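Trainee: fold the following.
(2 chains)
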Amino acid sequence: MEEPCPDGESEELTESEESVYSGLEDSGSDSTSEEEEEEDPEEGPGGRSPPRIHAKGAPRKSKILENDSALKENEALPAQNEYEEDSSDEEDIRNTVGNIPMEWYQDFPHIGYNLEGKKIYKPIRNKDELDMFLEKMENPDYWRTVQDKMTGADIKLTDEQVALVHRLQKGQFGDVHFNPYEPAVDFFTHEVMIHPVTNRPADKRSFIPSLIEKEKKLAWEQQEPAERKLNFVPQQYRCLRAVPAYSRFIHERFERCLDLYLCPRQRKMRVNVDPEDLIPKLPKPRDLQPFPTTQALVYRGHSSLVRCLSISPSGQWLVSGSDDCTVRFWEVCTARCMKTLPVGGVVKSIAWNPNPTICLVAICVDQSVLLVNPCLGDKLLYGATDQLLESYVAPEEERVQPVQWVTATMEEHSRGVRLVIQHSKAVKQVTWHGKGDYLASVVSDNSSMQVLIHQSSKRWSQNPFRRSKGLVQCVLFHPSRPYFLVATQRYVRVYNLLKQELTKKLMTNCKWVSSMAIHPGGDNIICGSYDSKLAWFDLDLSTRPYQMLRHHKKALRGVAFHRRYPLFASGSDDGTVIVCHGMVYNDLLQNPLLVPVKVLKGHEITLDLGVLDVLFHPTQPWVFSSGADSTIRLYT
Amino acid sequence: MLMLIPIPIPALPPTRPSRSPCAARVAPMAGAGRLWRAQAERGQPGGLQRTGSTRAEAAAGPWGGWRRKRRLCILKGIYPHEPKHKKKVNKGSTAPRTFYLLKDIKFLLHEPIVNKFREYKVFVRKLRKAYGKNEWSTVDRLKDNKPTYKLDHIVKERYPTFIDALRDLDDALSMCFLFSTFPRTGKCHVQTIQLCRRLAVEFLNYVIASRSLRKVFLSIKGIYYQAEVLGQPITWITPYTFAHDHPTDVDYRVMATFTEFYTTLLGFVNFRLYQSLNLLYPPKIDGQTDTELKPVEGKEYAMDSESYLEKLSALSASLARVVAPTHEDEVEMDEFLVEGETAEQMDARKKEQEALEKHKKLFEGLRFFLNREVPREPLAFIIRCFGGQVSWDKSLCIGATYDVNDPSITHQIVDRPCVEKQVVGRYYLQPQWVFDSVNAKLCLPVADYFPGVLLPPHLSPFVTEEEGDYVPPEKLKLLAMQRGENPDEESEEEDEEAEEEEGDNDREEEEEEDESEKEEEMKLKKMEEEKTQSNKVLPVKVTAGKLRLEDKQRLEHEQQSEEKRLAIMMMKKREKYLYKKIMFGKKRKVREANKLAAKRKAHDTAVKEERKKSKKARRA
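Mentor: You can find the predicted model right below:
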């Protein structure tokens, strides 16, 4: 008993320790037990009287009974004190630090301050592991010894306290004498008596008129007489004899007269439109097939929201980047995760090289763009890619570059990372040029360094813009012509990279552009915005949107065009992907035909986010969507 | 039970000026539409005259004061116009102001009656002066030469054809009927009240003679009548016959001005209507009945001159004709196909005609007797309109043709809970029967209308339910009855059957309990058996899969609705707004109908429960 026990002892008791055993001192009472007297010398350093522990809420009586019979005369006094102790203010009167984590005093010799403001020192503990072990082995009361966190002293629980703990652990009542199964006493007999059980008078509402009716009538009376639906109070009479005269008869005739000679007269034309006629006549979705209609596969594996998707040009592999700091490679047809690449940061954007002869994926992680060879598919192909990268010969003279090109370390190389392009700020988007050599990255920065164009074969980067024209949201390469599209918050600017000039500035009519996609033909652009609009631009037609589609209820996160079929899709925070038929005609006189064909549901909304990215399969009419519910879904 | 609850009041023209036929008719006469534009071109601000800005301004007008102008406007049927651009004509202000077309005002000034008004004003001034100077001879002279005016030419001007006048008769009739019930003290001239009474009675007599009444409705406001005169529906309302408590916030002068015009109009119309039926005007009671009546009551009842109107207003006697009616008139006309009308349409028209004829003879051959507590005039009018004969207590009113004890009486209208002395051979009915029968176009079964019985709801004939509206079951029953079915018996039988079934159910329940116990035992046994079996056989089972049938119709429907949803997504913003608004209105209509239906259902079940309880109590 004398030896204090180490921290974290008596595992079964630790949880309830705080609440159940808060040491209390009965300063006035002289009911000190033997043990406490023995403890006294040990507590020397604190210079304090030992704590008298008893369970809070446990009946005080039992303790007293157990005590010396000589104390019986004092019975009245503790009985009074019983309630005083219940107060939380007086729970601990020695240590004044309050209800704080006691770890804060770990590195100090003291454990708090007493009422006089003097330090309370920790009891001396000079036992090492071995001593503790020995104590554990030797001390028969070791299991019932707990440490008082507030004072640091070891306390041996009495039998009653142990029994109480056991009872509470079993979910029984703390009081031994409490009988929860008292015999039930009927408060009235089951026999039918002549008098009612209660002689309660009937409710007031049973004989006064209904309040609701009254309120209705009041509302009617308060209304403007001209606005009333019925200008009289409906009533019911048993027979014709009971029907009274209508008191407002003369009034009404008079008002009619006034209307006849005082009211300006106008013929009010009521719109008589058949609502069915208002619905535009569109070609039936059935005739516009193929388009994805049903959810086919769910790719599970990520543990956090999946921000971005990309697909290999062959359509066999899918890559996804997520907030759980991994990039996963999936086989499209089987939904099998082929590879998991931990990248050590949130993946903001991901892009698979569109060139089928190069097997390379660009991944945005924090401040760098990783060029990863996934080593999937044809061995020759990805081998060739590696060779291509290794064949790079550094130029003689060092050129000044806005970024640093770093070759991956061996460890990284083994995981597939080949090159790291280190930017000065966090990168938020990366996109490849159609030929697969150039790639553009967007840095979340307010300076002119927002957009960078890199050439992977020469490991050479440049900053195409001298001045920033606003916060760049995303960039795109034109699929066939040397154009470069930059979407800022409200505008999309089309630059000619060869002539190095601004070609067009498209007004999106949106508050904040979120995403952009370009038609493979190159003449049409769609822009999704956070104000739940989708703008379709016909570059030949105008710089204003040809059509604004307000199909979604919440912010759009991703838009995509199909490479072959006349389809485009938009994913939104409302958890839906809307697939539309967007036919573009070669005939310049014919405007594009936009028809929504399917609303795809499946993603659950988590954290107010639904679908984060959409992507079409390069060859099939399939659409992928990644969502905040950490799944990727394939609709076919 | 007289139901005067939410049943909508007929779509009367009153209180909606924009729909008033008057509006349509006055405008072309004044050439308002054309002039408005012409004046605007001339650079005048919209061709509008501002009035009512200040009293002084109004008084300074060329017609001399607002009050006189008001009178002129009422008589001439001139009303204000709402300018298209309020700011333009009101010096940039949008304060509420009344605008008249300048043309209209000029038109008023050319009215010869303006001079008459002026003369009258002068006359009043002179008279006052003479009174003040105590020049009695002058007073007498002035009084002898009191200027008078007539409104005939205005009536002619406002209603170029007779049909126009008929279309505008609704307000005139309602007003005349109201004025005829006024007390002959104070509020307006006694002559006006008497004139109104005479004209109203004449019109009622015409309706009786032509049998043109179509619909009647006892509403909370009064009794609505609809007659079809020369193809025009004419609707008017009469108050219940009680003394009015005259409101203080009503300007009786305005009403009197209107009445002045309406009486003139109604006088012309009555004359023309009587002529069209070859009746004498002023109306004369048919010779035979006249002589019958005279010796009995004429002298003791009232003065000769008064008793004449009284007798007329009793509505019990038929009117004298200029030419005695010959039955040759009733020879069927040859029928020609109207152009563009198919044979089917003609058949339908023919059927309608027949139904109308039948309706007109609804009470033919029936003899009614009205008890004294029953409102005599409306009932007598209605019964006579449909060919019935009617009489009342001699002491109640002049013109009673037969006594209570007449054995030939078929229906006695009673409005008290029970009748002490009942005569065999006649129905004792509540007055609602007459009204409901007229509206239903057939003599309804009398059982629901016996004295003291809870009456069926009184449905408005002016309401025509469209598709999707809530139709009360009583109306459905009525419609079925009109079609010649007899749903009453069926439903009653059903009720009884249902009740019997319920009774059976009570008995069966006990049996079921026994059975269920047995079943449970059986189940337990089976379970035990299975348990014993399962020890031997593996508890693996292969159950036959269920063939899931695809509901093709549902699929189709779903696809269609999806297509529609997608198409709605592509609507333009404005159109979408309109579409949503329309759809909301439609849905609200449905919701309201459903609400009414649910309310009705709840009420019906409550009533049924009550009945069941009372039945059980009776059994016990």
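Trainee: now do the buried residues in stretch B:423-439.
Mentor: In terms of neighbour count (16 or more other C-beta atoms under 10 Å in any protein chain shown), stretch B:423-439 has its buried residues at B:426-439. C-betas here are computed from N, CA, C, even on glycine.
Trainee: quick check: residue B:404 touching residue B:393?
Mentor: Yes. Assessed by C-beta atoms under 8 Å, residue B:404 is found in contact with residue B:393 at 7.1 Å.
Trainee: thinking again about what came up before, closest one of the buried residues of stretch B:423-439 to chain A?
Mentor: Distance ranking of the buried residues of stretch B:423-439 against chain A, using C-beta to the nearest C-beta, places residue B:431 first at 4.9 Å.
Trainee: let me see the contact set for that closest one.
Mentor: In this structure, residue B:431 makes contact with A:240, B:374-375, B:379, B:413, B:415, judged by C-beta atoms under 8 Å, 6 or more residues apart in numbering or on different chains.
Trainee: go again with 10 Å.
Mentor: Under the criterion of C-beta atoms under 10 Å, 6 or more residues apart in numbering or on different chains, the contact partners of residue B:431 comprise A:239-241, B:2, B:218, B:370-371, B:373-375, B:378-379, B:382, B:413-415, B:449, B:455.
Trainee: just to revisit the earlier point, what touches both of residue B:404 and residue B:393?
Mentor: Residues touching both residue B:404 and residue B:393 (C-beta under 10 Å, 6+ apart): B:369-371.
Trainee: now, which of those residues sits nearest chain A?
Mentor: When the shared contacts of residue B:404 and residue B:393 are ranked by distance to chain A (C-beta to the nearest C-beta), residue B:371 comes first, at 10.3 Å.
Trainee: quick one on the thing from earlier: which of the shared contacts of residue B:404 and residue B:393 count as buried?
Mentor: Members of these that pass the buried threshold by neighbour count (16+ other C-beta under 10 Å) are listed as B:369-371.
Trainee: can you lay out these as CSV showing secondary structure and distance to chain A?
Mentor: Listed next are those as CSV, based on DSSP: H, G, I helix; E, B strand; the rest coil; distance: C-beta to the nearest C-beta, whole Å:
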residue, secondary structure, distance to chain A
B:369, strand, 16
B:370, strand, 12
B:371, coil, 10
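Trainee: ok, residue 224 - how many residues close by?
Mentor: Assuming you mean chain A. Residue A:224 is flanked by 6 other residues according to other C-beta atoms under 10 Å in any protein chain shown.
Trainee: that's the wrong chain, I meant chain B
Mentor: Neighbourhood size, residue B:224 [other C-beta under 10 Å]: 21.
Trainee: wait, a helix at it?
Mentor: No. Checked against DSSP: H, G, I helix; E, B strand; the rest coil, residue B:224 lies outside a helix; its state is strand.
Trainee: spatially nearest residue to it (excluding sequence neighbours)?
Mentor: The shortest distance from residue B:224 to any non-neighbouring residue, by C-beta to C-beta, 6 or more residues apart in numbering or on different chains, is to residue B:217 (4.4 Å).
Trainee: what strand or helix carries the one you found?
Mentor: strand B:213-218 (DSSP states H and E).
Trainee: could you give the mean pLDDT of that strand?
Mentor: Model confidence over strand B:213-218, given as mean pLDDT, is 92.
Trainee: run the chain-centre distance for that strand.
Mentor: On the basis of C-alpha atoms, centre = their mean, to the nearest Å, strand B:213-218 is displaced by 7 Å from the centre of the chain it belongs to.
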